[in-house]
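Q: The sequence and its predicted three-dimensional model are supplied below.
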Amino acid sequence: MDRLTDDFGRDLNYVRISVTDRCNYRCKYCMPAEGVEFLEHSEIMRYEEISFLCRVLWELGVRKVRFTGGEPLVRRGLVSFLKELNKEFPEMKTALTTNASLLGQYAEDLVQANLHSLNISLDTLDPVKFADVTRLGNIDDVISGIRAAVRAGIKNIKLNTVLIRGFNDGEIGSLMAFAKREKVLLRLIEFMPLEDDVWNEDAFISGEDILKMLPEGDLWKAEKPHSDQAGPAKYYRNEKTGDSIGIITAVSNHFCKYCNRLRVSATGKLRTCLFAPEEIPMRPLILNEDSEGLKTLILDSIKNKPRCWSDVRAGHQHMSGIGG
């Protein structure tokens, strides 16, 4: 069986697939306030196409697929699709990245779809700041969604917080307390320079400084991650309380050497790196159900996966168009 191993020896067994570019929020770091031209429905892969793609990826050794957006839960029929996908690939780990605002409606069905993990983007608990940064969001919907997910029994729930100096760096303690109370795992993420019109160096906080900012900073010790903590985060455990927290140093101490992922846009374009400017169109082969042609295209494309994101940074990309 052909396997997805790039020229640097990295085994690529994890793919992120965007199912929509649409979202019920307009987060400042993700898309502009106005003038957004969303894709036509015909431009987005149908669920049948995504299933075919997953079938080919499985044959290439991919064992985890994360569905993203936009906000994936705004796409009609997503949960039913996940249930059918799980029936076909019961050993495939399926995951979802969401803003949690719609989880109150879908949490129990996601359990029935055998969802393996759930990442929730949450950058502030302050209602005023939340409404400002999301432009359309209500923090109460998010909190209700998180609680619905926990109550339904969804496993491996992580809160992802991008830490930005002057915006939410004063909320670390409250975010940690919230995560502990709701029984979810908090991960603090360095602010990545995806968009030059949003990112600025003064707002950046390194992972080293984040660790120093944790309450009882000297009690947090690095721990060896278990299977559910595989990925870019480095985890720390408080020696006194036993609490855990993750820190993702995507900029100051990147994890490119161990990168195991590829990304697919909602239009069926393959991106070998989040920062890579090139996107490889796969949809014609998917529409023709040309599995061998698609395998060849993917295997050829990963030869160009960069050693590190800093080698190829494109400089201006809106996250809603990439897929998170």
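A: Structure's in. What do you need? Numbers count the residues shown, from 1 in each chain.

Q: How many neighbouring residues does the closest residue to Cys308 other than its chain neighbours have?
A: Counting by C-beta to C-beta, 6 or more residues apart in numbering, Cys308 lies nearest to Cys256, which is 4.1 Å off, once chain neighbours are set aside. Every C-beta, even on glycine, is put in place using the N, C-alpha and C of the backbone. Cys256: 18 surrounding residues under other C-beta atoms under 10 Å.

Q: got the phi/psi numbers for Cys256?
A: Note on Cys256: backbone dihedrals following degrees, to the nearest 10 are phi -60, psi -30.

Q: How about Gly77: what's its closest non-neighbour residue?
A: Counting by C-beta to C-beta, 6+ apart, the nearest residue to Gly77 once its immediate chain neighbours are dropped is Tyr47, at 6.6 Å.

Q: Isn't the one you found up against Val79?
A: No. Contact criterion C-beta atoms under 8 Å: Tyr47 and Val79 do not qualify, at 11.2 Å.

Q: Just want to know which of these two has more residues nearby.
A: A count of neighbours by other C-beta under 10 Å puts Val79 above the other of Tyr47 and Val79, at 21 against 16.

Q: Next up, the contacts around the more buried one.
A: 106, 109-110, 113 (C-beta atoms under 8 Å, 6 or more residues apart in numbering).

Q: Tell me how far the closest residue in space to Ile172 that isn't next to it in sequence lies from Asp123.
A: Leaving aside its sequence neighbours, Ile172 sits nearest to Met213 (C-beta to C-beta, 6+ apart; 5.7 Å). Counting by C-beta to C-beta, to the nearest Å, the gap from Met213 to Asp123 is 16 Å.

Q: So if I had to pick from those two, which one is more boxed in?
A: Asp123 (22 against 15).

Q: so what's that one up against?
A: Taking C-beta under 8 Å, 6+ apart, we find Asp123 in contact with 130, 133, 161-162, 164, 167-168.

Q: again with Val133
A: Val133 is in contact with 27-29, 123-124, 167, counting by C-beta under 8 Å, 6+ apart.

Q: Try it again at 10 Å.
A: When contacts are counted by C-beta atoms under 10 Å, 6 or more residues apart in numbering, Val133 touches 25-30, 123-124, 126, 164, 167-168.

Q: And Gly145, by the same measure?
A: Counting by C-beta under 10 Å, 6+ apart, Gly145 has contacts 73, 98-107, 120.

Q: Now compare the residues you listed and name the two farthest from each other.
A: For the contacts of Gly145, the farthest-apart pair by C-beta to C-beta is Gln105 and Ile120; their separation is 14.8 Å.

Q: Name the residue in these two with the higher neighbour count.
A: Taking neighbours as other C-beta under 10 Å, Gln105 and Ile120 compare with Ile120 leading, 21 against 12.
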